[in-house]
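> Okay, predicted coordinates and the sequence, questions at the end:
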Amino acid sequence: MNSQIGIIYASMSGRNERISEYLAQQLTKLGQDVDRHEISQFDTEKLLTYRSFIIVSYTYHDGQIPDEALDFFDDLQTVDLTGKPYALTGSSSIKHEYFGRALDYLDQQLVHLGAFRASAILKIDQDANRADLARLDALCQQVIDFNQLQAQHLV
Ligand SMILES: Cc1cc2nc3c(=O)[nH]c(=O)nc-3n(C[C@H](O)[C@H](O)[C@H](O)COP(=O)(O)O)c2cc1C
């Protein structure tokens with residue numbers, strides 16, 4: 001199996017793109033091979049080639065998945081993600097009623113499809129602060145740890 005970790009991001013004003021860059025940098029520092037793509041340019045079938053993947057997304061109008069992520073969301077159903085580890089994070093805003101709900105929708109879909117959540121959903125309020133960066137570091141480590149456990153057939 002490929003050892004790459006995929007990072008797929010949706011970003012309108014740049015925060016989530018920066019988070020995706022931060023994750024790529026941290027994972028690379030930890031010796032991982034990373035492949036990062038913007039969500040509307042991403043072919044969902046490529047998920048199958050990854051060891052695991054991380055989705056980074058904002059939430060739009062009334063807690064919705066961003067428009068440019070809708071094709072990706074629908075296409076998830078066309079690939080066999082059984083047992084595939086994933087993590088979800090992203091910046092949205094607590095000023096809105098449905099804080100970060102796009103991540104919840106993605107999580108529900110991925111659980112339904114049989115993928116394995118390697119780390120708790122990490123919602124970030126607007127710009128990532130130092131505590132958020134520490135949580136992103138922990139998320140990277142959890143993804144790596146989960147991959148190792150899976151390689152040893154322990155999960
Ligand atoms: C029109 C509009 C609607 C939004 N709706 C929501 C929402 O329903 N829930 C939420 O958590 N954040 C909402 N946000 C906040 C964005 O998700 C937040 O600003 C995010 O950091 C943007 O990420 P980006 O810089 O990667 O585009 C909304 C922002 C805008 C401009």
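Perfect, I can see it now. Numbering: from 1, shown residues only.

> Tell me which stretches of the chain form helices.
15-29, 70-75, 101-112, 130-151 (DSSP state H).

> buried residues in the first one?
Neighbour-count burial for helix 15-29, with 16 or more other C-beta atoms under 10 Å as criterion, is recorded at Arg15, Asn16, Glu17, Ile19, Ser20, Tyr22, Leu23, Ala24, Gln26, Leu27. In this view, the C-beta of every residue, glycine as well, is placed from N, C-alpha and C.

> Which one of the helices of the chain lies nearest to Ser3?
Nearest to Ser3 among the helices of the chain is helix 130-151 (8.1 Å), distances taken as C-beta to C-beta.

> related to what we said a few turns ago, contacts with the ligand among the buried residues of helix 15-29, please.
Arg15, Asn16 (C-beta under 6 Å from any ligand atom).

> Tell me which two in the buried residues of helix 15-29 are the farthest apart.
Arg15 and Leu27 (18.8 Å).

> Okay, and the beta partners of the residue nearest to the spatial centre of the chain?
By C-alpha atoms, centre = their mean, the chain has its centre lying nearest to Ile55, at 1.9 Å. Residues in a beta bridge with Ile55, per DSSP bridges, are Ile8, Leu88.

> Let me have the buried residues of helix 15-29 in CSV, adding pLDDT as columns.
Compiled in CSV, these are given as follows (pLDDT from 0 to 100):
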residue, pLDDT
Arg15, 98
Asn16, 98
Glu17, 98
Ile19, 98
Ser20, 98
Tyr22, 98
Leu23, 98
Ala24, 98
Gln26, 98
Leu27, 98
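
> what residues does the chain put near the ligand?
11-16, 58-63, 91-93, 96, 98-100, 126.

> mind redoing it with 8 Å?
Within the chain, the positions adjacent to the ligand are 9-19, 58-64, 66, 90-102, 123-124, 126-127 by C-beta under 8 Å from any ligand atom.
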